[in-house]
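Asks: Below are the sequence and a predicted model for it; my questions follow.
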Amino acid sequence: MTDHVTIVGAGPAGSMLSILLARQGLSVTMYESRPDMRTTDIGAGRSINLALATRGIEALREVGVMSEVQEILIPMMGRLIHDDGDTSMQPYGSRPHEYISSVSRTALTSILLDAAEATGQVEINFDMRCRGVDFEANTLQFTDSTSGEASRVPFTTVFGTDGSASAVRDALVEVNGGSVDIEPLVHGYKELTMPAGSDGRFQIEKEALHIWPRRDFMLIALPDLEGTFTVTLFLANEGPTDSFEYLASGGDVLGFFEEHFADFAPLVPDLADQFTTHPHGRLATVRTTGWAHGDRAVILGDASHGVVPFHGQGMNAAFESCIVLDTCMRDHPGDWATAFAEFEQGRKPDTDAIADMAVANYVEMSSSVVDERYQLKRAVALELDRLWPEQFTPRYAMVMFNTIPYAEVQRRAALQGEVLERLTVGLIDIGEVDWQAAERMVSELDFNQASDTGA
Ligand code: FAD
């Protein structure tokens, strides 16, 4: 064990982790491949804003920055669905605190970086890209991103928070025999900006996450503090029509938007221009084993558990992982090998569960939200939650407004899903539900047993 540690990657996970480690009394040196986002515009086009939910908020509160973060949040009370020219609001929950918030990635990370530096124990080196870890020589290899100069830096323990293409992870699994499974999604994404209106105000409802669900593809929009919306198109990467490949190779971009998103297209005057110049991002689920190497290295955040963005949980989960790791280290002072091993063992079932739920949520966002049966089940789920809140919590609320471990959420949601199926089979309206049967079924839900049997 040492009182000096190294972090590679100063994104959301690295910046939060640095504060937690400083609070353990450690001195921290952090390396980040990009320039300092607080002083340099590092360019748009990559998940400009994010949905922040309870797990992330709890972690931000824990490191003492939540009151500052509160100032930069825009509440999103529900999904505002744009379907065939009509709009309808689907609230996220039935209680005042059951909403999510849109937050700028840059502003949020900047608050964390400032808080890290304010501890007086965190030194951050920007423009330093890690190229590898030499566990025998105890050095990290870097390239200066501006000068191209290569260097080696000694380390004792390294925390890899360098995202889904993690260099620390690649070095780690070579020495510990771990595995990296990257499952690409057939869909990619592109971010666009909907400008504020001529009066400087939002052009569409501010306090909502907008969705244009079109089954095989969808558009979503999250509000920014500037009166703009960050709009993300999720679309197949390849295919003869309705794909990024098609649109990039001469397909009619404006025609595509006018055909499928007629109410959206006129709100972005330079739509075709933005589409051509903004990057096309790929999406994947990253599942790994071998998160640690004794007490020398551990990975977390997207580096060990990257998820697709359809549940808005990647960053929230990364923040939660930082808290879990910090707890394991505090539980085993002086024995980080045990702490890191316990971290992987306890956390991996949860990150695997959110990975599955995030993939499944694509179907919910892109098509189920306009399906009548889905809407009936959702209405019944909210009513069961209102009537018997101790026994029934909708899955979305368990993921977004709770800190119930993700694996437990997945188990409970499967059992609750059966209840919803049985209660609504053959029905078209919530008025037809047999509430006595509902009460019986809900009282029979036995989550403890489910957990024991692994059902
Ligand atoms: P990253 O954010 O990837 O940060 C890694 C950092 O390490 C970066 O600063 C990078 O520059 C640096 N780095 C990388 N390689 C090196 C290297 N070799 N050497 C040094 N530094 C390096 N999550 C949510 O919770 N809510 C959302 O609404 C949401 N929406 C999303 C929308 C999209 C389109 C995408 C793609 C993701 C979304 N996510 C969302 C997921 C979220 O962005 C990630 O889960 C989160 O950023 C993970 O944080 P991280 O710190 O682990 O990794």
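Replies: Nice, thanks for sending it over.
Asks: Can you show me the strands along the stretch 201-350 of the chain?
Replies: Secondary structure of the stretch 201-350 of the chain, counting by DSSP state E, counting those that start in this stretch: strands at 209-213, 218-223, 229-236, 280-289, 292-293, 297-299, 306.
Asks: Scan this protein for its longest strand.
Replies: Longest strand of the chain, by residue count under DSSP state E: strand 179-194.
Asks: how about that one, does it reach the ligand?
Replies: Yes - counting by Cβ under 6 Å from any ligand atom, the ligand has neighbours in strand 179-194: residue 189. (C-beta placed from N, C-alpha, C; glycine too.)
Asks: Name all residues that make contact with residue 412.
Replies: Residues near residue 412 by Cβ atoms under 8 Å, 6 or more residues apart in numbering: 393, 395, 398, 404, 445, 447, 450.
Asks: so which one among those residues has the lowest pLDDT?
Replies: pLDDT across the contacts of residue 412 is lowest for residue 450, at 45.
Asks: Can you give me the pLDDT of residue 45?
Replies: We have a pLDDT of 45 for residue 45.
Asks: Also residue 264?
Replies: Value listed for residue 264 in the pLDDT field: 97.
Asks: Ok, the one 10 residues further on next?
Replies: You'll see residue 274 listed with a pLDDT of 96.
Asks: Count the neighbours of it for me.
Replies: Residue 274 has 19 neighbouring residues, counting by other Cβ atoms under 10 Å.
Asks: same check, this time on residue 189
Replies: If you count neighbours by other Cβ under 10 Å, residue 189 ends up with 21.
Asks: just the helices in the stretch 201-350 of the chain please.
Replies: 244-248, 253-260, 271-277, 302-305, 314-331, 336-366 (DSSP state H, counting those that start in this stretch).
Asks: Would you agree residue 434 is in contact with residue 422?
Replies: No - the pair residue 434 / residue 422 is not scored as a contact, 9.9 Å apart, by Cβ atoms under 8 Å.
Asks: Can you give me the end-to-end span of stretch 329-341?
Replies: Stretch 329-341 has its terminal residues 10 Å apart, counting by Cα to Cα, to the nearest Å.
Asks: Report the buried residues of that stretch.
Replies: By neighbour count with 16 or more other Cβ atoms under 10 Å, stretch 329-341 contains the buried residues 329, 332, 336, 339-341.
Asks: again, but for stretch 357-377
Replies: Buried residues in stretch 357-377, counted by 16+ other Cβ under 10 Å: 357-362, 364-366, 368-370, 375-377.
Asks: Same question for stretch 438-448.
Replies: Across stretch 438-448, burial judged by 16+ other Cβ under 10 Å covers 438, 441-442, 445.
Asks: Near the ligand, which residues of this structure? Just list them.
Replies: By the rule Cβ under 6 Å from any ligand atom, the part of the chain lying against the ligand is 8-14, 31-34, 47, 50-51, 129-130, 161-163, 167, 189, 232, 281, 301-302, 309, 312-316, 318.
Asks: Give the buried subset of those residues as a PyMOL selection command.
Replies: Buried residues among the residues of the chain next to the ligand (16+ other Cβ under 10 Å), as a PyMOL selection:
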select buried, resi 8+9+10+11+12+13+14+31+32+33+34+50+51+129+130+161+162+163+167+189+232+281+301+302+309+312+313+314+315+316+318
